[in-house]
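Asker: Got a sequence here, can you model it:
(chains A, B and C)
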Amino acid sequence: MTFDFGQVALVLVFAIVPILGIILGLNSPGLRSRGPILIGIVAGILPILAIYIPKNFVSGNGGMSPRLDAWLIILAGFALLLGVVNVLQNNFRKVARRESGWFFSIVLLTGLFVTGGFGIYGAVSRTGIGFNPDGSSTPFKYMTDWFFQPLQSTIFALLAFFMASAAFRAFRARNVEATILLIAAGLVMIGRVPILEFLAVPFPFLHAAAASGSQALGRLTEWIMDVPNGAAQSGIIIGAALGAASMAIRVILGIERGYLGLGKGE
Amino acid sequence: MRGFLERLLRLDRRWIFLFVLLSVTVPIIVPLGLPVTTTESTRKAFQFIEAMKPGDTVLISFDYGPSSAPENDPMAEAVMRQCAIKKLRFIVIALYPLGALNLANNAVAKITSEYPGLKYGVDYVNLGYKDGASAVMRRMGDDIAGAFPTDQAGTPLAQIPLMKGIPSLRQVQLVFTVATGIIGEWWITQVHPQAGTPIIIGPTAVSAPKYYAFLNSGQLEGMLGGMKGAAEYEKLMRAAHPEMDRFYGSTRDFTATKGMDGQTVMHTVVLFFILLGNIAFVLSRRGATR
Amino acid sequence: MKSAGCMTLIGLFLAANVFAAPIDAPATLPPDLPLPQNLIAKDKPGDSGGAVVLTWTDPASLPAGTEIEVLRAEPPAYEWQPVAKVAAGTGTYTDTSAKDGTAYRYGVRTSLAAADSTGAVSVAASTGAPVVSEPVSSHDNWFKVERTNSFVASILFVIIILGSIQMARSGKEIFIRRIPGLNAIDEAIGRATEVGKKVMYIPGIQSMDDIQTVASVAILGHVARSTARYGTDLEVPNKDPLTFASAREVVRAAYLAEGRPDLFREEMVNYVTYDQFAFTAAVSAKMTREKPAAIFLVGYFFAESLILAETGQSTGAIQIAGQADPTQLPFFVATCDYTLIGEELYAASAYLSREPVLLGSIRGQDIAKGILILIAILGIVLASVHVVDLSPLFRTR
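Answerer: Numbers count the residues shown, from 1 in each chain, chains lettered A, B, ... in the order given. Modelled structure (predicted):
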């Protein structure tokens, strides 16, 4: 049996230390906060090291960093179970106490069990969740195609309505900045679609002028997206990246603890 | 007059919703056939793929869900049709967790029914869905089989002729990511520096402004921004390949070009409301100062 | 002359037999092809192993269509096997199929493809044995040389941050500009307390592996402490299960720290669903039914941002949003009362707690940004006057 340093180190930091920390932390509050911080330090430093160190035990196939990535996916799967348990608890409670909206809880629970049941059936019967061998849809795929997809599209389509109402309310020339926003938004909205051709449809003598106007506005729109927008986006992205790096350093060094629920001095 | 202006400024949003609904649905029923002008970012994407040689490989990543299918499906289909015409091989994967696999399977089924000469395993392959998009991409940069040991049907990659000679993304000539959300950006910021593979992105219109920064810095070869980008691509396809008229010449089926009619009318309606709101705002302010 | 020609033929025959590679006899014998020279084989630097880089000097004046054939022999038999063919003039090849620790020998020779009358291509080896390298084995390395620039930049950045933190620890006063969105947090919670309605906090839709979500959960701790202090109702719906687990612990700890564990209820922090738009529909419906007085949309949002913000706006709630990614910011700016833009989100924990150590890191980040701005300006000027292009220094692989 070969000694895999990477595997041993990961098991030590992410399994042994937390278990020991929980057991010892029952008596020692200080250890309760230090344990997660230590794990956070190692989990934060490993991917950074993997970027620069190509050694197999760090970043190669089966190395510490790819293994940690895989563990995160597994962890997320178990956390999903935790989420589903919470959904069941909350909604069963609502139905039992006849709280307001309890009928919708029944609809939610029905959807959860039916869809989950079809998925489990697909796994158990080995037909999967896509097409059957004969080309017909499995029950899960049927639910996806005829319930899930249309519902998702419907909610996404609400964006169009909300965008229109937000534009009506927000694009008012209240001050200089708002006026610049209004003009830029108007130019981009006109430049992205053939509005001039659309308005010129009943007037054939205006078609040529509308077409060249559209092209000119299209070029102006491209310039607005390329230059002012591109510059602003770059600036925000760079600034945010530096902020993220700084926050990451604070988390890795254990200075930032707000996300753990620890305050000053804890 | 003052009261009218006040009512206009506080117009019930449901009136706006009604006009938006009409502006989108009427052009679908009565297509207007409005022209589409192409932009530099889409032309660059099109010309890049047009310049590829027969036998080159394109990886098409379905990184979107059903919610943005009307915007993203036309992009994926247009590029897959272009691959079929140009005899480019394509590898299909799905990285978006909810619904991308279904969309990928539907798109592959559609294109292979249009081009029955395409042979699975030789001209195209469908590797299916894998969780953990960022980790999967990084792995594919060095070893595709490490991320996708088998294709969707369970065949090991070593037994698939197309995958011989393509151990990693370095041997792929282009990655085309059809994306909503962050996954598209990860292809640019993680895979492109690691493997050097050229990237073209097809984001939703909402995300498109962010990618101009990447276009300007040369990290992207081109971009199809939203449904407009897809409509531009359809126009470029028709101009370069007249046989595309059988898909894009008819208004019966939904295409991005057809969808742009509704977007044009909607933009007009929204601009009208913005103008109305500003006129009412300016007049009411003038009235208040008097 | 004749004997030289015969020797050449014999040499060819011997070469074909000694190296037991399956090489077809050529349709016509090629003229003498010179061999490549100066073959060097070494482990590819800065990789995870499995790769050997070969370099050689191509002979001059090779006929068109000449290729360089790369051969490899491995222990114990050391039989030559063909590995690849590269076009003449390339001068380099990377063998990515090497096994770490195996001492290979590499050989290169010139070859020319000849076609017979049927058009079938056969390959002729060059005269003589291939040029052979010293034994070489591949192995993984400790450092990726092509990332030296980003490594140096990262170290410098960390030094600047740590230096600023040290300066803050020494008692130096750190100035941080006013951030209206963060100042408004207490105002929003106060308003919710006055009208007796709840505060709704949505920590984005990404998981805890995203730094924006970590920043959001840290701000949630501050908000939870305020709601505990004032006795205001709080609800935190979650889309991601890991975020849900962290948020619940943070809120519980906040209520405990304020001495109000009696006010904490498990259902304050709940998990809704993993699907983006199902989550949006559920939260929008909750906003419409329960009409919270204050809504916080802090974290990483995607397309659902406008739906949530516009629904919140329609209920009359005071809204504070925050996101580092620029994509959804325009929607927040148009619909919310206050928006934290870009790195303001990450500065929140320092701003709200006023801990000197955290403020020091913000100062360090600003110093780094200042240096980048100066480099950008210098680069633009130098490139514009065609003196030097600094961009290759910043390219990453």
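
Asker: Please make it C-alpha for all contacts and neighbour counts, starting now.
Answerer: Fine.

Asker: Low-confidence stretches in the chain?
Answerer: Because you didn't say which chain, this covers chain A. Filtered on pLDDT under 70, chain A yields the residue ranges A:1-3, A:29, A:31-32, A:263-266.

Asker: let's do chain C instead
Answerer: Counting by pLDDT under 70, the ranges of chain C that qualify are C:1-32, C:113-129, C:397.

Asker: Residues of it that sit close to chain B?
Answerer: Residues of chain C lying close to chain B by CA under 8 Å from any CA of the partner chain are C:275, C:302-303, C:326-328, C:396-397.

Asker: Select only the buried ones of those in ChimeraX?
Answerer: In ChimeraX syntax, the buried subset of these is picked out as below (16 or more other CA atoms under 10 Å in any protein chain shown):
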select /C:302,303,326,327,328,397
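
Asker: Could you pull out the helices in chain A for me?
Answerer: Listed in chain order, the helices found in chain A under DSSP state H are A:5-11, A:17-25, A:29-52, A:56-59, A:64-97, A:102-124, A:139-143, A:149-170, A:176-192, A:195-199, A:207-224, A:230-252.

Asker: And the stretch 101-250 of chain B, by the same measure?
Answerer: Applying DSSP state H, counting those that start in this stretch to the stretch 101-250 of chain B gives helices spanning B:133-142, B:144-147, B:183-186, B:192-195, B:208-216, B:226-240, B:245-248.

Asker: most neighbours per residue, which of those?
Answerer: Across the helices of the stretch 101-250 of chain B, averaging neighbours per residue (mean count of other CA atoms under 10 Å in any protein chain shown) puts helix B:226-240 on top, at a mean of 24.

Asker: Distance from that one to the middle of the chain?
Answerer: In terms of CA atoms, centre = their mean, to the nearest Å, the centre of helix B:226-240 is found 11 Å from the chain centre.

Asker: For chain A, what's its nearest residue on the stretch 51-200 of chain B.
Answerer: The nearest approach of the stretch 51-200 of chain B to chain A comes at residue B:67, 4.2 Å away (CA to the nearest CA).

Asker: how deep is the closest residue to that residue other than its chain neighbours tucked in, by neighbour count?
Answerer: In space, residue B:67 comes closest to residue A:153 once its chain neighbours are excluded; the distance is 4.2 Å by CA to CA, 6 or more residues apart in numbering or on different chains. Using other CA atoms under 10 Å in any protein chain shown as the criterion, residue A:153 is surrounded by 17 other residues.

Asker: and the gap between residue A:153 and residue C:374?
Answerer: Going from residue A:153 to residue C:374 by CA to CA, to the nearest Å gives 46 Å.

Asker: Which neighbouring elements make contact with the lengthiest helix in chain B?
Answerer: Using DSSP H, we find that the single longest helix of chain B is helix B:256-289. Secondary-structure packing of helix B:256-289 (3 or more CA pairs under 8 Å, 6 or more residues apart in numbering or on different chains; DSSP states H and E): helix A:149-170, helix A:176-192, helix A:195-199, helix B:2-9, helix B:13-29, helix B:69-86, helix B:226-240.

Asker: Grab the CA positions of stretch C:78-96 and hand them over as CSV.
Answerer: Presented in CSV, the C-alpha positions along stretch C:78-96 are these (Å, rounded to 0.1, in the frame of the first residue of the first chain):
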residue,chain,number,x,y,z
TYR,C,78,14.9,-0.3,-25.6
GLU,C,79,13.2,-1.0,-28.9
TRP,C,80,12.5,2.1,-31.0
GLN,C,81,8.8,2.9,-31.4
PRO,C,82,7.5,5.8,-33.5
VAL,C,83,6.0,8.6,-31.4
ALA,C,84,5.1,11.4,-33.8
LYS,C,85,6.0,13.1,-37.0
VAL,C,86,6.4,16.8,-37.1
ALA,C,87,6.9,19.1,-40.1
ALA,C,88,10.5,20.1,-40.8
GLY,C,89,11.3,23.5,-39.5
THR,C,90,9.4,23.0,-36.2
GLY,C,91,12.5,22.1,-34.2
THR,C,92,10.6,21.0,-31.2
TYR,C,93,8.2,18.3,-29.9
THR,C,94,6.6,17.6,-26.6
ASP,C,95,5.9,14.0,-25.8
THR,C,96,2.9,14.0,-23.4
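
Asker: Write out the residues of the stretch 101-250 of chain B neighbouring chain A.
Answerer: B:102, B:131-132, B:135, B:146, B:209-210, B:212-213, B:216, B:228.

Asker: In TSV: the helices of the stretch 101-250 of chain B, plus mean pLDDT.
Answerer: Formatted as TSV, the helices of the stretch 101-250 of chain B follow (pLDDT from 0 to 100):
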stretch	mean pLDDT
helix B:133-142	85
helix B:144-147	87
helix B:183-186	90
helix B:192-195	84
helix B:208-216	89
helix B:226-240	94
helix B:245-248	84
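
Asker: now those in TSV, with distance to chain C?
Answerer: Output for those, formatted as TSV (distance: least, CA to the nearest CA, whole Å):
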stretch	distance to chain C
helix B:133-142	10
helix B:144-147	14
helix B:183-186	11
helix B:192-195	4
helix B:208-216	6
helix B:226-240	13
helix B:245-248	28
